[in-house]
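Let me see the structure of the following:
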Amino acid sequence: MPGGVLATGAALAMALALLLACAATGSAQPADFSLEGEAREQVESLSKQAADVQAQIDELDRRLEITVEEHNATRVRLDELTMELADSRIRLEKARAQYQAQEELMSQRLVAIYKADEVNVFTIILNSDSFDDFLNQTYYITKVSREDAKMKARLEDYADEIESITNEIDAKRAEQMRLEERAGEQEAAIKAQIAERQAVYDSLDAQMRQIIDRERERQRLEREKAAAEAREMLKELEVSDRVQAEVIITAIQYLGVPYVWGGESPQGFDCSGLTKYVFAQHGVELPHNAAMQFQLGVPVPREELQPGDLVFWGPGNPHHVAIYIGNDQIIEAPSFGQVVTIAPMDYGPDYAGARRFPLRLGVAAP
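Numbering: from 1, shown residues only. Okay, here's the model as predicted:
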């Protein structure tokens, strides 16, 4: 460990106390955290259920889109038939009016010709200048009556045809109205299913949020507990080197961070991920592997251990690494379901040795 500016025990204690106070209030802790253990299993199960429900919602959305478009087409056709019906009814009214007008005209002519028995064959004879004149008058009266009858029949047929068309359009419109009503019912039913599935999704989401919030609070309390325990332990540490002190301070920031396999950030650490992340802030780049880290640095005998040294377990091929902080104490990311913590140094048969690295004063976190 390189020498540095010496710090008095009181100054170091003040720095550590300030850091731990920040840790206790959460200001030095990362906003995010990692779920592990039962909380992770619960959230993963709920997340899978939520994904299944979301897939159902997506399928219902697809069906709703198809139904809505069919409903739209039905409405368009209904509007078209409504306009056709209105136009047909106008035409029917006109045809009926023409028929009635023709009927009235015929009535007027018949009245004019035959009223009050004033017009008959004898009258025509008396008023005729000759036999030819008689024939002409008789032919005229017959022709007018016949043409009026033909016109009346044509208008009646036309009115009947228009009425038939109108009735057909009206029947189509009635059927289209039934289709429109049915499409509306289908649309409403699918929307109700979506609302029901969305309520289930929201419930699952709320449950996940509750679990996450509880876990976040649990981890916060655990960090506070770890910080309180650290304060007591650090009172006994004898650290006079400033670089050593800063390394310890850096490592202490991550007390309470959950163990995550392969983790190398404040969202979660495994053992070599923690040492890699802390040492990177002090100018030393390490691989994310305990055995590889053991191959680097300068070997340190047990009796010469200093704060900031890395200590390893697993002779021949180390499988665990921690940061020595003095007074036979280490900071480590232990194992699954646990958090970064301060623990007593274990010199048992699994102890592999220690390595020292050219650490510097703090640099920016990676």
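
got any ranges where the stretch 1-150 of the chain has weak pLDDT?
Along the stretch 1-150 of the chain, segments meeting pLDDT under 70 span 1-36, 95, 99, 102-103, 105-150.

Specify the beta-bridge partners of Val298.
Judged by DSSP bridges, the bridge partners of Val298 are Arg356.

Tell me how far it lies from Gly353.
Going from Val298 to Gly353 by C-beta to C-beta, to the nearest Å gives 11 Å. Placement of C-beta: from N, CA and C, glycine included.

Neighbour count: the two, which is higher?
Ranked by neighbour count (other C-beta atoms under 10 Å), Val298 and Gly353 place Gly353 first, with 16 against 11.

That one reaches Trp313, doesn't it?
No - using C-beta atoms under 8 Å, Gly353 is not in contact with Trp313; the gap is 9.3 Å.

remind me which residues of the stretch 251-366 of the chain are low pLDDT?
Judged by pLDDT under 70, the stretches of the stretch 251-366 of the chain that qualify are 363-366.

What ranges does it have for its helices?
271-280, 290-294 (DSSP state H, counting those that start in this stretch).

Please convert those helices to CSV, extending it with distance to Arg197 and mean neighbour count.
Converted to CSV, the helices of the stretch 251-366 of the chain look like this (distance: least, C-beta to C-beta, whole Å; neighbours: other C-beta atoms under 10 Å):
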stretch, distance to Arg197, mean neighbour count
helix 271-280, 40, 24
helix 290-294, 48, 20
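
can you redo these as CSV with distance to Glu304?
CSV is the format used below for these (distance: least, C-beta to C-beta, whole Å):
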stretch, distance to Glu304
helix 271-280, 19
helix 290-294, 17
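
mind checking which of those helices is nearest Gln338?
Nearest of these to Gln338, taken as C-beta to C-beta: helix 271-280 at 10.8 Å.

ok, residues contacting that closest one?
247, 250-251, 254, 260, 262-266, 269, 285-290, 293, 310, 320-323, 331-334, 340, 357, 359, 365-366 (C-beta atoms under 8 Å, 6 or more residues apart in numbering).

And the residues you listed, which of them are buried?
Among the contacts of helix 271-280, those that count as buried by neighbour count (16 or more other C-beta atoms under 10 Å) are 247, 250-251, 254, 260, 263-266, 269, 286, 289-290, 293, 310, 320-323, 331-333, 340, 357, 359.

hmm, back to that, mind checking which of the contacts of helix 271-280 are in strands?
Judged by DSSP state E, the subset of the contacts of helix 271-280 located in strands is Glu264, Ser265, Phe269, Leu310, His320, Val321, Ala322, Ile323, Ile331, Glu332.

where does the last one sit relative to Asp270, distance-wise?
With distances defined as C-beta to C-beta, the gap from Glu332 to Asp270 amounts to 10 Å.

The first one now?
Computed with C-beta to C-beta, the distance linking Glu264 and Asp270 is 8 Å.

tell me the contacts of Arg197?
Contacts of Arg197 (C-beta under 8 Å, 6+ apart): Val53, Gln56, Ile57, Leu60.

Among those, which one sits closest to Glu104?
Once C-beta to C-beta is applied, the member of these that ends up nearest Glu104 is Leu60, at 63.6 Å.

Now that closest one: closest residue in space that isn't a chain neighbour?
Closest residue to Leu60 apart from its sequence neighbours, by C-beta to C-beta, 6 or more residues apart in numbering: Ile194 at 4.8 Å.

ok, now Ala39?
Nearest non-adjacent residue to Ala39, counting by C-beta to C-beta, 6+ apart: Glu215, 4.2 Å away.

Ala50 now?
That would be Leu204: by C-beta to C-beta, 6+ apart, it lies 4.4 Å from Ala50.

Over to Gly283: give its phi and psi.
With angles defined as degrees, to the nearest 10, Gly283 shows backbone torsions of phi 80, psi 10.

Do me a favour and get the backbone dihedrals for the nearest residue to it once chain neighbours are set aside.
Sequence neighbours aside, Arg360 is the residue nearest to Gly283 in space, at 3.9 Å (criterion: C-beta to C-beta, 6+ apart). Backbone geometry at Arg360, expressed as degrees, to the nearest 10, gives phi -120, psi 170.

Good, we can wrap up now.
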